[in-house]
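# take this sequence and fold it.
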Amino acid sequence: MSEGDWKEMKLKFGHRKRLMDLIHRLDCLGTFLESIHLLSHKKHLLDLGFDSVWSLLGVKREYAETMGLTEEEMDAFLKGQEALVGVWERCEA
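Numbers count the residues shown, from 1 in each chain. Prediction:
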């Protein structure tokens with residue numbers, strides 16, 4: 001994402017700067033998948049086009065088979081996704 005993308009989302013300058021710094025320093029997708037014990041699925045998710053942690057926000061339960069996740073894994077994924085949405089909402093405030 002570019003600075004223009006962040007501005008388009010109406011994020012405050014300080015929030016944009018902090019997010020850009022964190023994104024540059026971290027493998028957010030890997031960190032997220034590791035936190036929900038699904039890091040082994042990273043390559044498959046990248047192959048499907050989920051190239052950033054934020055691309056996971058629109059995932060729904062019915063994507064489990066395509067994503068190669070069991071029902072239990074999808075439950076963990078969706079629970080982690082809720083936390084991501086909370087982070088996103090706090091950034092927009």
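# all helices of this protein, in order?
Applying DSSP state H to the chain gives helices spanning 3-8, 13-25, 28-35, 42-47, 64-67, 71-92.
# deepest of these, which one?
Comparing the helices of the chain by mean neighbour count (mean count of other C-beta atoms under 10 Å), helix 28-35 comes out on top with a mean of 16. For glycine as for every other residue, the C-beta is placed from the backbone atoms N, C-alpha and C.
# which strands or helices does that helix pack on?
In terms of contacts (3 or more C-beta pairs under 8 Å, 6 or more residues apart in numbering; DSSP states H and E), helix 28-35 is packed against helix 42-47, helix 71-92.
# list the contacts of it.
Contacts to helix 28-35, defined as C-beta atoms under 8 Å, 6 or more residues apart in numbering, come from residues 22, 39, 41-42, 45-46, 50-54, 56, 80, 84.
# quick one: least confident of these?
Of all the contacts of helix 28-35, Leu22 has the smallest pLDDT value, namely 73.
# rewinding a little: between the helices of the chain, which gets the lowest average pLDDT?
helix 13-25 has the lowest average pLDDT among the helices of the chain, namely a mean of 76.
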